[in-house]
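**Q** sequence plus predicted model, see below.
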Amino acid sequence: MSRIGRMPIAIPAGVTVEVAENNHVTVKGPKGTLERTLPAEMEIKVEGSEVVVTRPNDLKKMKSLHGLTRTLINNMVVGVSEGYTKVLEVNGVGYRASKAGKKLTLNLGYSHPVEMEDPEGLESEVQDNKIIIKGIDKEKVGQYAADIRDKRKPEPYKGKGIKYADEVIRRKVGKTGKK
């Protein structure tokens, strides 16, 4: 049985979970509200201060949806109660990030500055060479961080580019001179 799907989700104080028809789950908390329609085959029940997800049978598809459904609900509960953050680092000579209003401006060695608008529900801030992205939707936070990183991925020789704070870049040895 799915080890993750079997675990009940504890609902913290100040968070409400509602399940409508077609498994449309609405999670309200101190940081905001998230809605998502989950697979209709799964049975989602709110029992007291816990959410329990059960599956109808042991088909392979149901087993895979079981853990997924539970994790998606858990991510929504954590998002509205604590929120999610991703930290990116800008490394390289002359590589810079700055913030004006909702516009993030990146100078990454191109002939032009790269400008990005914060998506709705997310906010980014710049501290020295770090870009911090905050939001309640784990998927959107991760996607926006990945979009920023895509503007200049870290290269393996000098480590220049935008990387996640916890990412380790496998370094390569450069070329050696003639003897």
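**A** Received the coordinates, thanks.
**Q** what sits against Arg3?
**A** Contact partners of Arg3, counting by Cβ atoms under 8 Å, 6 or more residues apart in numbering, are Gly67. Just so you know, the C-beta spots here come from the backbone N, C-alpha and C atoms, and that holds for glycine as well.
**Q** next one: the closest residue in space to Ile162 that isn't next to it in sequence from Asn91, what distance?
**A** In space, not counting the residues next to it along the chain, Ile162 is nearest to Arg149; the distance is 4.9 Å by Cβ to Cβ, 6 or more residues apart in numbering. Per Cβ to Cβ, to the nearest Å, Arg149 is found 12 Å from Asn91.
**Q** what's the answer for Met76, then?
**A** Distance from Met76 to Asn91, by Cβ to Cβ: 34 Å.
**Q** between the two, who's got more neighbours?
**A** More crowded of Met76 and Asn91, by other Cβ atoms under 10 Å: Met76, with 26 against 16.
**Q** packing partners of whichever strand or helix holds the more buried one?
**A** Here Met76, judged by DSSP states H and E, is contained in helix 60-81. Under the contact definition 3 or more Cβ pairs under 8 Å, 6 or more residues apart in numbering; DSSP states H and E, helix 60-81 sits against helix 3-6, strand 9-10, strand 24-29, strand 32-37, strand 50-54, helix 138-150.
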